[in-house]
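Colleague: I would like the atomic coordinates for the input below:
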Amino acid sequence: MYYQSKKVFLQTGKIIVLALYLAFVIFPIYWMIITSFKYNTEIINAQKLTYFPEKITSENYNQLFAMYDYGNMLKNSLIISLSSGFCVTMLSIFGGYGLARYKFNSKTLFLLFFLVTQMIPGILVIIPLYIIFSKMGIVNTRLSLFIFYLVSNLPFCVITMRSFFERIPYTLEEAATVDGCTKLQTLRKIVLPVMFPGIVAVFVFAFIGAWNELIAGTIFINTPNFWTIPIGLKSLIGKYDVKWGVLMAGGVLALLPTAIMFAVMQRFVVEGLTAGAVKE
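Modeller: Residues are numbered from 1 along each chain as shown. Now for the predicted structure:
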């Protein structure tokens, strides 16, 4: 009886803790959504805090598209994030495969270099890159952001992809070689289908890394035509005024692509991350 009561108590405690954590995570998102449908007078009214709009309005979304060209910002973000995510994933496949399957001199130092790059704050390399990009004439272009996201996300993704390849038994590739497959055919027909969840996990990581980044975009881009969503939303924060309603509306729309991506690819992401964590 004592042990049964203790088990019920522990289970209840876990449920309460998880419920509080879930509320802590969800409440900011809920607040952002309801704020985007409030009038500005209700938002800035400090005397009366409302947890649901007194009167629902879409004026914040209308202003976002009419005054701040959110459609163009969305286009820039999608172009840069999808292209950099795709290229990082492809390069990570070849880099990870090479590190997992081939032996060469200084391989350990090569991996250590990749790990060390992840310990360096990104802000330290932005200024040197700005000077390089300026001399190349690509400042204030999508190409500058593409190169930065490619360089910054590639080392971690290569290391992650290497762990996925190491988990796949090499006997599969040997059997394919015996059947007459070349290295490239083996990689394309045998290995990649097996590690598809890992590929999805790497792509999602690279995509979100580019989608949410702000500092580099603020430095490399200085005209509204090439603003991404984070840069455009930052412009709504003025020195003396913050357009909270429009800012929250932009945040809601910026959240949708990543939310949809996770909803569609959640199973593959979880499988990929857990697969890469264990070496067999």
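Colleague: Relative to Leu150, how far out is the spatially most central residue of the chain?
Modeller: The C-alpha lying nearest the average C-alpha coordinate of the chain belongs to Ile208 (Cα atoms, centre = their mean; 1.5 Å). Remark: distance between Ile208 and Leu150 (Cβ to Cβ, to the nearest Å) = 15 Å. To be clear about C-beta, it is placed using only N, CA and C from the backbone, and glycine gets the same treatment.
Colleague: For whichever helix or strand the residue nearest to the centre of the chain is part of, could you pull out the residues that count as buried?
Modeller: Assigned by DSSP states H and E, Ile208 belongs to helix 196-211. Within helix 196-211, the residues that count as buried by 16 or more other Cβ atoms under 10 Å are 197-211.
Colleague: as a whole number, average confidence for it?
Modeller: Per-residue pLDDT values across helix 196-211 average out to 88.
Colleague: could you dump it to CSV, C-alpha only?
Modeller: Extracted C-alpha coordinates of helix 196-211, given in CSV (Å, rounded to 0.1, in the frame of the first residue of the first chain):
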residue,chain,number,x,y,z
PHE,A,196,17.0,9.6,-44.5
PRO,A,197,15.9,10.7,-41.0
GLY,A,198,19.4,12.0,-40.3
ILE,A,199,19.4,14.0,-43.5
VAL,A,200,16.1,15.6,-42.5
ALA,A,201,17.5,16.4,-39.1
VAL,A,202,20.5,18.1,-40.5
PHE,A,203,18.4,20.1,-43.1
VAL,A,204,16.0,21.3,-40.4
PHE,A,205,19.0,22.4,-38.2
ALA,A,206,20.6,24.3,-41.1
PHE,A,207,17.3,25.9,-42.2
ILE,A,208,16.3,27.1,-38.8
GLY,A,209,19.8,28.4,-38.2
ALA,A,210,19.5,30.6,-41.2
TRP,A,211,15.8,31.5,-40.7
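Colleague: Check which helices and strands that helix sits against.
Modeller: Applying 3 or more Cβ pairs under 8 Å, 6 or more residues apart in numbering; DSSP states H and E, one finds that helix 196-211 contacts helix 70-101, helix 142-167, helix 244-276.
Colleague: Quick one: name whatever helix or strand follows it.
Modeller: Next along from helix 196-211, by DSSP H and E: helix 215-220.
Colleague: How far off centre is the next helix or strand after that following helix?
Modeller: Once the chain leaves helix 215-220, the next helix or strand it forms, by DSSP H and E, is helix 229-234. For helix 229-234, the gap between its own C-alpha mean and the chain's C-alpha mean amounts to 16 Å (Cα atoms, centre = their mean, to the nearest Å).
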